[in-house]
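Novice: Provided below are the primary sequence and the corresponding predicted coordinates.
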Amino acid sequence: MKLSRREMLKALGITGVGLTLAACTPAPASEAPAASSSEGGEAAPAAAGTELTIWFHWGGATGERAQELIDTYNSEQGPDDGVSVTIETVPGGEYRQKMTASRMAGTAPDVYHTSIPILELATNEVIRELPDEEQAYVREHYLDSTIERMSFQGKVWGYPTEHQAPALIYRRSMLEAAGVTEIPASAQEIRALAKELTHEADGQKYYGFTQWYDNYPASFHFPGIIWRFGGEMYEFEGDIPRKIMVDTPECAAALGWWRGMVDDGSTQVGDLGFTEAWQQGLAIMGEIEPWFPFINLRDGGAEDVYEDLGVVYVRPAESISPVVQSGGWELVAERNSEHPAESDTFMQWMMHEPGMPFSHFIVEIIGSLPAPLNYPTPIPGWSEAMMDGYAAQTAPITRMHPGLKVLGDGEIGTAISETVQAVMLQQDDVEPALASLQTTLDEILERTDGSRTA
Amino acid sequence: MSASTTSTSTPLESNSYKEQIVSVKRRRALRWFSGQVTLWAIILLGLLFMVTPGIWMVLASFKNQAEISAIPLRFFPEIWRVSNYPEAIDAMKFWRVFGNSLLITVTITVANILTCTWGGYTFGKLRWPGRDLVFMLLLSTMMIPGFLTLIPRYVLIAKAGLLNTYGGMIIPFLTGTFGIFLTKQFMLGIPDELIDAATVDGCSALGVYGRIILPLSKPIMAVLAIFVFDWAWDDLLWGIMILTDREMWTLPIAIANLRVQESNQFELQMAGSTMAIIPVIILFLILQRHIVQGVALSGLKG
Amino acid sequence: MATATLAPRTGTTPFWRRRSFRRGLTGWLFAAPILIYFTIFVFGPILASLLMMFYDWNGFGPLSQAKFVGLSHVTEAFGDEKFLGSFRNTATYAIVVVLCGVGVGLLLALALNGVTKLVGFVRSTYYLPVMLPMTAMSLLWGLMYQPRYGFINQVLGMVGIPPVKWLINPNIALYSICLMVIWKGLGWYMVIFLAGLKAIPEEFYEAAQMDGATAWQRFWKITLPLLKPTLLFVIVVTVIGSLQVFSPIFIMTQGGPANATNVVVYWVYLTAFQFMRFGYATTLAVILFVVILVITLIQLRLFREGGLQSYY
């Protein structure tokens, strides 16, 4: 009991010291660029220049590679531009809330690398369109579907850093072992082959067709598979979605195709995650964007699987011409940045030919498809299968994901995910599920995009 | 005959009575014994249930990805990958991050011990008009999801220039409703006579706080220390919001940063988490006796 | 009481000299720093958020673009199937966690109360999960729940129990999350209850035993009433916390499968930060707040009736 006073004083002391430290610590953000540029070996010129901030979402080893990229700018080009760039790492899950908060507080970065649709960023005055000559540059040098993705009200609002399109990936050795010499020519053939390939060996089940049904890809792939069965998910009037259609025969055929493979017992649904099935070598075919085999298999310790992969675009239903949906990320400039000119210079360095170091980073480190038309081939680090069988064939048949032109896309995606999960887990049947989904989506679209005018 | 029977029967009876007592005792002992066995069986089974995930975590921190998901189950790693630890330490910048966490958490904990006992005294012992209403108002803030106020709080801290500082991590958490609630419950158990006697002796309210309340609150301080430390040590969301400079990161952020979409380094996360819980366990082991006392005193006299 | 006895003399002394006033002033002076701090860091931000309830604002545009919509968000919420469904899930979750968590915690404490050996060890071990970080544990349990190679199903398989689709079967997923949360919180309940039990004087039980009370009667007539304040505290805190469950769901299931674990706070989170409907999200949070407040007040009232006072 007698000790208490001394203890109290001690405690007070600790708090005091802590608070003093807290109050006196200058925001080290201001020191960081100097530190990183001194690592680059040229502290003096960079310190005098403008400080820019860019938001990346990568952590871990990929984050370090991204830092190397920015270090290169700070040591090679930055001193000439009088610019020094700092990365702020903002995890994907917190990206939106941090954007809201920092814009309100006036602490937003100068440049974002983001997947938030241009439509949303532009209507809410988050970003600034590219300078005229840069708009012309993008229109001339990039793939059509990616230019459309960057466009809103006739302007180009950012640089597409890559595009992501679903691919059919398959294990060449396993197809060979089953005596299959040609890739199935249609969606129906894929289903039949999946059933045929599914088997058990050494107490393990090998899945003919793996599906990522449990979150984001389930809803993201949705418009694309409807196309593959000859349907359309949206009806646009100019840039504005007027109608959403999921309670249709084409859509039922599309979702029925997915569900059919579950009923056949040829998928891993409910048994194993998509990633695990591939990493453990239990998947024979599957549909996913190409960054997946790149990072999760090649860099995730399953090089043998990666080397064995065949990659092509996913075949449509019989007598439907092939089409592949694509979405992706972009590099955009904050509207309220105090350094618009410097931001533009920096973004040009990242995206312009012939260097286009950021495109190289995304394509070679992350494994997305290149957005610039004349991206040099062969791509370092990519397997031949990924390049020839997929990259070359896919580019000409891509269409922009239509949801990117819909303000309600987030809510619509969540509703679709939920329906797809219920159907895939055999909780609900295709037709009734789509009928009730239609009602939900009608409500969402009316509320979110209903009042939009051209 | 009858006499003899009675005479012979008496020892017989007394004998069986003795036997009966013995058997009752034996049965009781047996019942006590089997009760103890069941009791310990339940407790040990419970223990197994409680520790298995923790052990699994520690074991996973020595494995690789394939072993973590092996069929059939592989409980122990084939090769103990001790190298996961230096790798995690390296990837997380462990020592820097650990230091940040320690400074922030200790300051928050000490501050809370002071402010919550102050609050507990104010709401539990002092009598003033509007007290219960104000307390209900405080209590009601526990009922609003924290992230709803994330953005206004961020703006506040950003405008004060506290982004990327220890201050930004500490100042919003100097006191807490739960801590005040807990301490108030405890204060109810401190006899009013003690306070009245001190007041008669000319002690001011401040004096009562310093001379009576604080010394008597030691057990509840231990409880507060554990709860607040554990909570602050584990807090992730606020740190992600206001700390962008890697040098300022705390342990939970550094661990979360190991998990990115591209490469799910589960074993490193487990190594990081294993190292991260050590201070909390040490604190608990030191304080656990006081905690029991603290909770006991706060619980009974509500 | 003091005020009442002093009342007759108030006519002659100025109000600032009165003892009741002084006492009140002291109280308010003591409360002032707390209230100032709370105003800045808690009440202020809450009020700022609550005002959003009456507006449509998407979080990205300038605040000046926010559109006043009156109470239309409230009417929308009461017709929102998704939101009402999330309330059902939350209620189920809260009931399971409170009943099982508190119940098993109490039983364990009772069991341990009679034990004299190894108490410290047992207590610390049970408390271990409380100290483990929630994020890492959610990931770990997600892995242990994996239907094929997950630890739990493999162990069950050894004793011949067929695999359970813990987080994948929509009828089970919510309970699987409950199990993990109960595991993590059990030590907390146990330690608090054990402490509460230790504080009940032994004489009460001895007297009851002399009167021939059975163990069951002793539990109902002595243990439970005397444990009431502890129970009240634990239950109130658990209910408030359970109705706001978020992190394990955010990490383990994201509201799925097929909406089975979509709880109110997760839905509020999605509405605010994914759908960017801040006004509506705030409205939903306010409705949840009112529900929690009412439930808490009912609990406080229920526990007060025939409460402790009669035993002292």
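Specialist: Nice, thanks for sending it over. Model, not experiment: these values are computed from the prediction.
Novice: OK, contacts around C:Val98?
Specialist: C:Val98 sits next to C:Ile235, C:Thr238, C:Val239, C:Ser242 when contact means C-beta atoms under 8 Å, 6 or more residues apart in numbering or on different chains. To be clear about C-beta, it is placed using only N, CA and C from the backbone, and glycine gets the same treatment.
Novice: name the surrounding residues that touch stretch C:259-267.
Specialist: Under C-beta under 8 Å, 6+ apart, the answer for stretch C:259-267 is A:418, A:421-422, B:145, C:82-83, C:85-87, C:89-90, C:93, C:170-171, C:173-174, C:177, C:243-246, C:249-250, C:252-256, C:284-285, C:288.
Novice: now a PyMOL select for only the buried ones of those.
Specialist: If you want just the buried ones from these in PyMOL, going by 16 or more other C-beta atoms under 10 Å in any protein chain shown, the selection is:
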select buried, (chain A and resi 418+421+422) or (chain B and resi 145) or (chain C and resi 82+83+85+86+87+89+90+93+170+173+174+177+243+244+245+246+249+250+252+253+254+255+256+284+285+288)
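Novice: please determine how far the closest residue to C:Leu197 other than its chain neighbours is located from chain A.
Specialist: Of all residues not flanking C:Leu197 in the chain, C:Asn113 sits nearest, at 4.7 Å (C-beta to C-beta, 6 or more residues apart in numbering or on different chains). Distance from C:Asn113 to chain A, counting by C-beta to the nearest C-beta, to the nearest Å: 29 Å.
Novice: what's the burial count for C:Asn113?
Specialist: By other C-beta atoms under 10 Å in any protein chain shown, 15 other residues sit near C:Asn113.
Novice: in strands, which of the contacts of stretch C:259-267 fall?
Specialist: Among those, DSSP state E puts none in strands.
Novice: select from the contacts of stretch C:259-267 every entry located in helices.
Specialist: In this view, those that belong to helices under DSSP state H are A:418, A:421-422, C:82-83, C:85-87, C:89-90, C:93, C:173-174, C:177, C:249-250, C:252, C:284-285, C:288.
Novice: which of the residues you listed come close to chain B?
Specialist: By C-beta under 8 Å from any C-beta of the partner chain, the members of those lying near chain B are C:Ala285, C:Leu288.
Novice: wait, A:Thr161 touches A:Ser359, no?
Specialist: Yes - the pair A:Thr161 / A:Ser359 is scored as a contact, 6.4 Å apart, by C-beta atoms under 8 Å.
Novice: common neighbours of these two, please.
Specialist: Both A:Thr161 and A:Ser359 are contacted by A:Met351, A:Ala371, under the criterion C-beta under 8 Å, 6+ apart.
Novice: give me the mean pLDDT for the longest helix along chain B.
Specialist: Assignment by DSSP H gives helix B:2-60 as the longest helix of chain B. Averaged across helix B:2-60, pLDDT comes to 75.
Novice: neighbouring contacts of stretch A:55-63?
Specialist: By C-beta under 8 Å, 6+ apart, stretch A:55-63 touches A:65-66, A:87-92, A:95, A:109, A:111-114, A:295, A:299, A:365-366, B:91, B:256-260, B:262-263, B:265.
Novice: and it, how far apart are its ends?
Specialist: 11 Å (C-alpha to C-alpha, to the nearest Å).
Novice: equivalent analysis for stretch B:205-214, please.
Specialist: End-to-end distance for stretch B:205-214: 12 Å, by C-alpha to C-alpha.
Novice: can that stretch be said to contact chain A?
Specialist: Yes - between stretch B:205-214 and chain A, judged by C-beta under 8 Å from any C-beta, the touching residues are B:Gly210, B:Leu214.
Novice: right, is that stretch up against chain C?
Specialist: Yes - contact of stretch B:205-214 with chain C (C-beta under 8 Å from any C-beta) involves B:Ala205.
Novice: pull out the buried positions in that stretch.
Specialist: For stretch B:205-214, using 16+ other C-beta under 10 Å, the buried residues are B:Ala205, B:Val208, B:Tyr209, B:Arg211, B:Ile212, B:Ile213, B:Leu214.
Novice: top of the contacts of C:Val98 by neighbour count?
Specialist: C:Ser242 (22 neighbours).
Novice: and the residue of the stretch 201-312 of chain C closest to chain B?
Specialist: C:Pro229 (2.5 Å; C-beta to the nearest C-beta).
Novice: what's the helix or strand for that residue?
Specialist: Taking DSSP states H and E as the definition, C:Pro229 sits inside helix C:224-242.
Novice: what packs against that helix?
Specialist: If contacts are counted by 3 or more C-beta pairs under 8 Å, 6 or more residues apart in numbering or on different chains; DSSP states H and E, helix C:224-242 sits against helix B:177-187, helix B:266-300, helix C:81-96, helix C:103-113, helix C:173-198, helix C:278-304.
Novice: switch the cut-off to 10 Å
Specialist: Where contact means 3 or more C-beta pairs under 10 Å, 6 or more residues apart in numbering or on different chains; DSSP states H and E, helix C:224-242 is packed against helix B:131-140, helix B:177-187, helix B:266-300, helix C:81-96, helix C:103-113, helix C:173-198, helix C:278-304.
Novice: orientation of the longest one relative to helix C:173-198 in degrees?
Specialist: Which is helix B:266-300. 40 degrees (axes from the mean of the first three to the mean of the last three C-alpha atoms, to 10 degrees).
Novice: same thing with the last one?
Specialist: Note on geometry: by the same axes, to 10 degrees, helix C:278-304 and helix C:173-198 are set 40 degrees apart in direction.
Novice: and helix C:278-304, is it in reach of chain A?
Specialist: Yes - counting by C-beta under 10 Å from any C-beta of the partner chain, chain A has neighbours in helix C:278-304: C:Phe278.
Novice: close to chain A: what parts of the stretch 101-250 of chain C are there?
Specialist: Counting by C-beta under 10 Å from any C-beta, the residues of the stretch 101-250 of chain C close to chain A are C:142-143, C:146-149, C:163, C:165, C:167-171, C:250.
Novice: which among those count as buried?
Specialist: Those of those that meet the buried threshold are C:Gly142, C:Leu143, C:Gln146, C:Pro147, C:Arg148, C:Tyr149, C:Lys165, C:Leu167, C:Ile168, C:Asn169, C:Pro170, C:Phe250, by 16+ other C-beta under 10 Å.
Novice: nearest to A:Ser75 among those?
Specialist: Set against A:Ser75, the nearest of these by C-beta to C-beta is C:Phe250 (39.7 Å).
Novice: show me which residues of the stretch 251-400 of chain A are close to chain C?
Specialist: Contact residues (C-beta under 10 Å from any C-beta) of the stretch 251-400 of chain A with chain C: A:Gln268, A:Val269, A:Gly270, A:Asp271, A:Leu272, A:Gly273, A:Glu276, A:Ala277, A:Gln280, A:Leu282, A:Asn336.
Novice: next, count neighbours for residue 81.
Specialist: All of this is about chain A. As a burial measure, A:Asp81 scores 21 neighbours (other C-beta under 10 Å).
Novice: please go with chain B instead
Specialist: B:Arg81 has 16 neighbouring residues, counting by other C-beta under 10 Å.
Novice: how is it assigned, secondary-structure-wise?
Specialist: Under the three-state scheme (DSSP: H, G, I helix; E, B strand; the rest coil), B:Arg81 adopts coil.
Novice: what's it in contact with, if anything?
Specialist: B:Arg81 sits next to B:Ser61, B:Phe62, B:Lys63, B:Asn64, B:Glu67, B:Glu87, B:Glu267, B:Ala271 when contact means C-beta atoms under 10 Å, 6 or more residues apart in numbering or on different chains.
Novice: out of those, who has the most neighbours?
Specialist: Highest neighbour count within those, by other C-beta under 10 Å: B:Ala271, with 30 neighbours.
Novice: quick one, grab the pLDDT at it.
Specialist: pLDDT for B:Ala271: 90.
Novice: sec struct for A:Phe236, please.
Specialist: From three-state DSSP, the assignment for A:Phe236 is strand.
Novice: quick check: phi and psi on the nearest residue to A:Ala187 once chain neighbours are set aside?
Specialist: Counting by C-beta to C-beta, 6+ apart, the nearest residue to A:Ala187 once its immediate chain neighbours are dropped is A:Ala317, at 4.6 Å. Dihedral angles of A:Ala317 (phi, psi; degrees, to the nearest 10) stand at phi -70, psi 160.
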